[in-house]
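In: Everything below, folded, please.
(3 chains)
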Amino acid sequence: MFFKPSYFAAVSLAFAASLAQAQISDGVVKIGVLSDMSSLYSDIGGGGSVVAARMAIADFPAKGMKVELVSADHLNKPDVGSSIARQWYDVDKVDVIVDVPTSSIALAISQITREKGKAFLVSGAATSDLTGKACSPNTIHWTYDTWMLANGTGNAIVKTGGDSWYFITADYAFGLALERDTEAVVLKHGGKVLGKVRHPLNAQDFSSFLLQAQASKAKIIGLANAGGDTTNSIKQAAEFGIVKGGQSLAGMLVFLSDIHGLGLDKAQGLIFTETFYWDLNDQTRAFAKRFAAANSGKYPTMVQAGVYSAITHYLKAVQAGKTDDGTKVIAKMKELPTDDPLFGKGTVRADGRKLHPAYLVEVKKPSESKGPYDYYKIRATIPADQAFRPLNEGGCPLVK
Amino acid sequence: MEIFGIPTQALFGQLLIGLINGSFYALLSLGLAVIFGLLNIINFTHGAQYMMGAFCAYFLLTKLGIGYWWALAIAPLAVGTIGMVIERLMLARLYKLDHLYGLLLTFGLALIIQGLFRNEYGTSGIPYALPQELSGGRNLGFMFLPNYRAWVILASIVVCLATWFVIEKTRLGAYLRAATENPQLVQAFGINVPRMITLTYGFGVALAAFAGVMAAPIYQVNPLMGADLIIVVFAVVVIGGMGSIMGSIVTGFALGLIEGLTKVFYPEASNTVIFIIMAIVLMIKPAGLFGTQR
Amino acid sequence: MSAVHELAPDAASRAEGLAHQRIATAVMVAFFALAPLVAYPVFLMKVMCFALFACAFNLLIGYGGLLSFGHAMFLGTAGYASAHAAKVWGFPPEFAILFGTACSALLGLVTGLLAIRRQGIYFAMITLALAQMVYFFYLQAPFTGGEDGIQAVPRGKLFGLLDLNSVWAMYALVFAVFVGGFLLIHRAVHSPFGQVLKAIRENEARALSLGYDVNRYKLLAYVLSATLAGLAGATKVLVFELASLTDVHWTMSGEVVLMVLLGGLGTVFGPVIGALIIIAMENYLAQIGSWVTVVQGVIFVICVLTFRRGVIGELGRLIGKPL
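Out: Below you'll find the predicted structure:
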């Protein structure tokens, strides 16, 4: 891992490669899936993202292009994630990093990727800063972001009368971004934010935070967190009789795996926004069946679907441009329209934002569900041009 | 209604949570105090043994269908036995050496146990259902009191007082205390001191496991659940006085309450208040509030 | 601690012992000077930073006889201070490092005044608790970025001339810092100050009766240890361009204890070897899964039960000369 016996060979190859204009570095397109494999986001991305990546590589008509896959666990720690990214880029010749479901790590890796001229396809992380003030010509933000969540879920809830909010926020880049974007939506529609409390990532006990939310008497308790934090908040809220007391919980970022973990009896009625659901059409259903067979029966979350879609488009761009140089491939990915069986047709914008429709979903009652993972009712479809933040509002320096 | 500008619901709610946390601090520091009192070893593995108690309850439920009430009895026995094996095989070798080696050994064991569980189960917490009999709660008017959390406080007070009684007021306890002061003399009286030491360590560990089973329904079963908790418990033990039983119990509950109060009035300091108190106590009365200089 | 006493060299072999140590030092310096030609330089820089951290820790435990279980607070404080100075205040790298080191020295003085009064287990517990306070402070404080850490720390130009973004320039700086710190510790240990420290470790009552202000010497050793740990932390932050909570967490304190225990408590080169082995092991195992903690725990247990002298301690015993 840390010995480079072919150091000089690599140097001369790179030199030769730079002479021949468009080349696949070392003859191999190497994809790295960096995710949370063991902690609170492991069901959202994790091993399933690796499965999705393998399927994308297998499904793509490679026509002589060699593609390899590596994966690693970033343990939700920025220093671990950065070290792995650096090592992958410097030593292991990885060309593109995919997934990274933790916003603070995604921001760090976006920076490193830009320094080294590689490519970064974010599926898991949420912060809209990735296409805003931290945008980069080497990064594409795929599946979803905090602006979309705030304007999908937040909007819907405020419109139905939820006009006083209290936030329980995960205290890092993602939670803060989600809280900020949702607060903006609430205020825009004339609502009030009565208070906020921050909790550490992967906090197990939410009783103290829930009590404060209860005391505020806000109509809506907004959970600006994800994964295990969200499910724990919801379960413990039940223990303290919060919903019985008349307040509603708004899960700002909820995934299929969370609903599966909670069970329909606890999760029914929750309203939130996603960009992929396995039961949308025949193509997504077919994908879900294949995916579940390779993933111990677990159906794909939108993050894992995003990994599949991003890699598919990446390989298409590599093939079209005949190069795996990061900056050039990202530019090509913005040039070409996207089309895959999971997200349908879409585009990638100049600021790195991938555009596709979003779906406002409501969790079914236990009686309405006819089979495993049959959890959502689609309440509304938000078209691609409205689902995401307008191009000129992000503050991205790449957009003039 | 408001007290000092804080609505009563918030205040009493946080105090309740503080009392619950205090129950766990008391139980865990009691086990540590018992072990330190007799063996002069800081049992860093205590947090991992607490976690094993919770996992034991989880396994009993999912693999053998044995519920919470039986787990309260079985888990401490099982984990306590493992503790006794550890003591016989490893700790016993270190008694002749500097006591810091014991600390390092138990630290290493904690790393191993937590690492193994983490590899297998990740860190996101496994749910353990509240026992049916204790679910739900009462609306007391000024706050909503979940039944299970009330049970936690009650059970830990009972166990703590029972332990204190055994150690301070019974003959067995007298033997234990005598063996702490002068093991050779006590051995000369015909009492099997090494066996008593093993049993004591096992008992301290069993207390940790008991706390783990009680924690399972509210704190989620999670391989790292003991890791950060143990540092706080160390602080509690130091404040209370390293070998003092009553000191640990009182300090545990008191610090839980203080932490709860801090969360209401000055939340930013709630994590550090226990350590600040520890620093102050160590400056004024180094042996701890209830401890005696060794 | 008992293992250390066995290593104290007697007067007759001291002159020879020092020659052996000079050779070993030369080997170590040559290794770190040449290794980056074949190994990943960032990995080696990490090893050197941690080796300095471990050497600083060893100064306190091996020569001072004090086991601090909170040394991470010095590594992390210097890291955050240095990162903030470099990123927000725009300090050039040499001043950022100096600033970070100074902050750790100050923290060392303050915590030392509180902790030195006690010994043995109590000392370990106090340092652990103080380190936890520091950790929670950094968790809350906005300037540290909490879970996100301080990212994109600029390396800048050393003395306004040498661009540290070049791997070789950065490596040269880290190398210089490491060798400098190592030699400083060596000098301190073999000075009259080091002799008094050893006397205190071996028999505090006698040293006190001879008129030495025991607490003052211990405090000085503690502050020196904290300062050099800070130097390691400040440099490390520039290498990785990131300051994070990991560096102040108590598991980091445990790691440095492990490095020194494995390498050999109280030996000169033990901490360096210990750091090299542990960092290499973490690097290698990170690919396989999270077995790192388990292996660390196993090493701890084995070292405490049967391998108390550590790698260098055993090596020194084998060749009959202290290393």
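
In: tally of neighbours for residue 64?
Out: The chain I'm using is chain A. 5 (other CB atoms under 10 Å in any protein chain shown). In short, each C-beta sits where N, CA and C put it, glycine included.

In: try again with chain C
Out: Other residues near C:Gly64 come to 25 when the count uses other CB under 10 Å.

In: Spatially nearest residue to it (excluding sequence neighbours)?
Out: Leaving aside its sequence neighbours, C:Gly64 sits nearest to C:Ala221 (CB to CB, 6 or more residues apart in numbering or on different chains; 4.2 Å).

In: Scan chain B for its longest helix.
Out: Looking across chain B with DSSP state H, the single longest helix is helix B:8-39.

In: related to what we said a few turns ago, now the residue nearest to C:Gly64: phi and psi?
Out: phi -60, psi -40 (degrees, to the nearest 10).

In: wait, doesn't it sit right on C:Ile61?
Out: No: under the criterion of CB atoms under 8 Å, C:Ala221 makes no contact with C:Ile61, lying 10.0 Å away.

In: Which pLDDT value goes with the nearest residue to A:Asp95 once chain neighbours are set aside?
Out: Leaving aside its chain neighbours, A:Asp95 sits nearest to A:Asp324 (4.6 Å; criterion: CB to CB, 6+ apart). On pLDDT, A:Asp324 comes in at 86.

In: Pick out the residue of the stretch 101-250 of chain B closest to chain C.
Out: B:Gly108 (2.7 Å; CB to the nearest CB).

In: How about the contacts made by that residue?
Out: C:Gln296, C:Gly297, C:Val298, C:Ile299, C:Phe300, C:Val301, C:Cys303, C:Val304 (CB atoms under 8 Å, 6 or more residues apart in numbering or on different chains).

In: pLDDT wise, what is the fourth one at?
Out: So the one you mean is C:Ile299. 91.

In: Over to the first one?
Out: Residue-level confidence at C:Gln296 comes out at 90, pLDDT.

In: separation between it and chain A?
Out: 15 Å (CB to the nearest CB, to the nearest Å).

In: can you count the residues close to that residue?
Out: C:Gln296: 25 surrounding residues under other CB under 10 Å.

In: cool, and the third one?
Out: Look at C:Val298: counted by other CB under 10 Å, it has 16 neighbours.

In: which element is it on?
Out: helix C:292-306 (DSSP states H and E).

In: A:Thr143 too?
Out: Using DSSP H and E, A:Thr143 is not contained in any helix or strand.

In: That one: what's it in contact with?
Out: Counted by CB under 8 Å, 6+ apart, A:Thr143 has contacts A:Ser123, A:Gly124, A:Thr275, A:Phe276, A:Met302, A:Val303, A:Ala305, A:Gly306, A:Ser309, A:Lys354.

In: 6 Å - rerun?
Out: A:Ser123, A:Thr275, A:Met302, A:Val303, A:Gly306 (CB atoms under 6 Å, 6 or more residues apart in numbering or on different chains).

In: Hmm, C:Gly62 and the residue nearest to C:Gly64 touching each other?
Out: No: here C:Ala221 does not reach C:Gly62: they are 10.4 Å apart, not a contact under CB atoms under 6 Å.

In: Which parts of the stretch 1-150 of chain C are helices?
Out: With DSSP state H, counting those that start in this stretch as the definition, the stretch 1-150 of chain C shows helices at residue ranges C:2-5, C:11-34, C:41-58, C:72-87, C:93-115, C:120-140.

In: quick check, A:Gly297 in a strand?
Out: No: counting by DSSP: H, G, I helix; E, B strand; the rest coil, A:Gly297 falls outside a strand, being coil.

In: mind checking the SS state of the nearest residue to it once chain neighbours are set aside?
Out: Take A:Gly297 and drop its neighbours on the chain: the residue closest to it by CB to CB, 6+ apart is A:Pro372, 7.9 Å away. Secondary structure, three-state DSSP: A:Pro372 is coil.

In: ok so, going back, check which residues of the longest helix of chain B are buried.
Out: For helix B:8-39, a neighbour-count test (16 or more other CB atoms under 10 Å in any protein chain shown) marks B:9-39 as buried.

In: Packing partners of it?
Out: Where contact means 3 or more CB pairs under 6 Å, 6 or more residues apart in numbering or on different chains; DSSP states H and E, helix B:8-39 is packed against helix A:207-216, helix B:147-169, helix B:193-219, helix B:227-240, helix B:245-265.

In: ok, is the next helix-or-strand element following the last one in contact with chain C or not?
Out: Same thing as helix B:245-265. Counting by DSSP H and E, the element after helix B:245-265 in chain order, helix or strand, is helix B:273-284. Yes: for a cut-off given as CB under 6 Å from any CB of the partner chain, helix B:273-284 has contacts with chain C, namely B:Phe275, B:Met278, B:Ala279, B:Leu282.

In: is any part of helix B:273-284 close to chain A?
Out: No: Helix B:273-284 lies out of reach of chain A by CB under 6 Å from any CB, never closer than 13.9 Å.

In: Identify the residues contacting that helix?
Out: B:Val232, B:Ala235, B:Val238, B:Ile239, B:Leu255, B:Thr262, C:Leu114, C:Ile126, C:Ala129, C:Gln132, C:Met133.

In: Before we move on, what's the pLDDT of the fifth one?
Out: Per-residue pLDDT puts B:Leu255 at 93.

In: and what of the fourth one?
Out: B:Ile239 is assigned 90 on the pLDDT scale.

In: contacting residues for it?
Out: By CB under 6 Å, 6+ apart, the neighbours of B:Ile239 are B:Thr251, B:Met278, B:Val281, B:Gly288.

In: quick one: which of those has the most company?
Out: B:Thr251 (30 neighbours).

In: any residues touching stretch A:122-136, and which ones?
Out: Here stretch A:122-136 has contacts from A:45, A:99-101, A:103, A:106-107, A:110, A:114, A:141-143, A:145-147, A:173-174, A:177, A:303, A:306-307, A:310, A:351-353, A:394-396, A:398, using CB under 6 Å, 6+ apart.

In: What is the end-to-end distance of that stretch?
Out: Using CA to CA, to the nearest Å, one end of stretch A:122-136 lies 12 Å from the other.

In: So the next helix or strand after the helix holding C:Val298, near chain B or not?
Out: Using DSSP H and E, the next helix or strand after helix C:292-306 towards the C-terminus is helix C:310-319. No: counting by CB under 6 Å from any CB, chain B is not contacted by helix C:310-319; separation bottoms out at 12.2 Å.
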